[in-house]
Each structure stands twice: as C-alpha cells, then as structure tokens.
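>>> 3D, please:
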Amino acid sequence: ESALIRSDALTTLGTITENNDEDLHRFASRDDWLFKVYNIAKNDEDEQVRDDAWGFLAKIAESVQTRPLFNEKGLLEKLMKDVDVNADPVPLSNTLHILGLLAAHDSCMDV
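Predicted coordinates:
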C-alpha cells in the first residue's frame, strides 16, 4: 500500500506541474528534490513507483525553464556516469531517455 501512495504522489506532482513551468521549476530547484526523484527512480523497490519517478524526471527535462537545473545541480553528470556503469536495460533505457531529452532541446549537454 505504501508503494501505491508513493506512486500516486509522483503522479499528482506531475499532474499539478504539467502545464505550469513555474511550479515545476520551483519544485526542481528546491534543495535536493531533483536528486530525491532521481533516487526514487533508481532505487525504489516498487517498479511502478520507479516508472512514475522516471516519468516525472522526463517532464522536468522537457521544460525549458527546468532543463538547466540538471547541469546546475550535478544530475546531468550523474546520469552520464550511470550510462557507463549500468548493465540493467530498464534503468539504462530510462537514463538514456532523460539524456536524450536534454540533448535534443538544450545546450546543457555541453559539459
């Protein structure tokens, strides 16, 4: 049941911030919240929660206002390192998806 609550919370965050880049930026720029979502995406024991967290990171990566935060907060570098060490196809695919969104839409990949 706690996995369902975590999944619902991530889905709700995505819905609330979906059409509001300002709210999405406020969320992503607060303290280490971007890394918290990333850690949930990588490490939660529930697959649905991990999928929801990757989906929310994708929304953050698609936003013009929040894309630079991946570089500013060091998550871009962490994602690129993950590609080198990750043998599991699902997290690797999700990581490459986020990197692709960032690369396709912004110069933040010039690291």
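
>>> name the residues that touch the helix or strand where D82 lies?
Using DSSP states H and E, D82 sits in helix 75-85. Outside of helix 75-85, the residues within contact range by Cβ atoms under 8 Å, 6 or more residues apart in numbering are 34-35, 38, 42, 69-71, 91-92, 95-96, 98-99, 102, 108-109, 111. C-beta coordinates here come from the backbone N, C-alpha and C atoms, glycine included.

>>> how far does stretch 68-76 sit from the chain's center?
On the basis of Cα atoms, centre = their mean, to the nearest Å, stretch 68-76 is displaced by 11 Å from the centre of the chain it belongs to.

>>> apologies, that question was intended for stretch 23-34.
The gap between the average C-alpha position of stretch 23-34 and the chain average comes to 11 Å, counting by Cα atoms, centre = their mean.

>>> list the contacts for K73?
Residues near K73 by Cβ under 8 Å, 6+ apart: D32, L34, F35.

>>> most neighbours among these, please name it.
Going through the contacts of K73 with other Cβ atoms under 10 Å as the criterion, the one with the most neighbours is L34, at 21 neighbours.

>>> can I assume that one is in contact with A28?
Yes. In this structure, L34 is within contact of A28 by Cβ atoms under 8 Å, at 4.9 Å.

>>> rewinding a little: of the contacts of K73, just say which sits nearest to A61.
Within the contacts of K73, proximity to A61 (Cβ to Cβ) peaks at L34, which comes in at 10.2 Å.

>>> and the helix or strand hosting that closest one, what other elements does it pack with?
With secondary structure defined by DSSP H and E, L34 is part of helix 33-43. Using 3 or more Cβ pairs under 8 Å, 6 or more residues apart in numbering; DSSP states H and E as the contact definition, the elements that helix 33-43 packs against are helix 2-17, helix 47-62, helix 75-85, helix 89-105.

>>> redo these as TSV? Include mean neighbour count.
As requested, those are exported to TSV (neighbours: other Cβ atoms under 10 Å):
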stretch	mean neighbour count
helix 2-17	15
helix 47-62	20
helix 75-85	14
helix 89-105	16
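
>>> rewinding a little: the helix holding L34 to helix 2-17, inter-axis angle?
Orientation note: helix 33-43 sits at an angle of 140 degrees relative to helix 2-17 (axes from the mean of the first three to the mean of the last three Cα atoms, to 10 degrees).

>>> great, nothing more from me.
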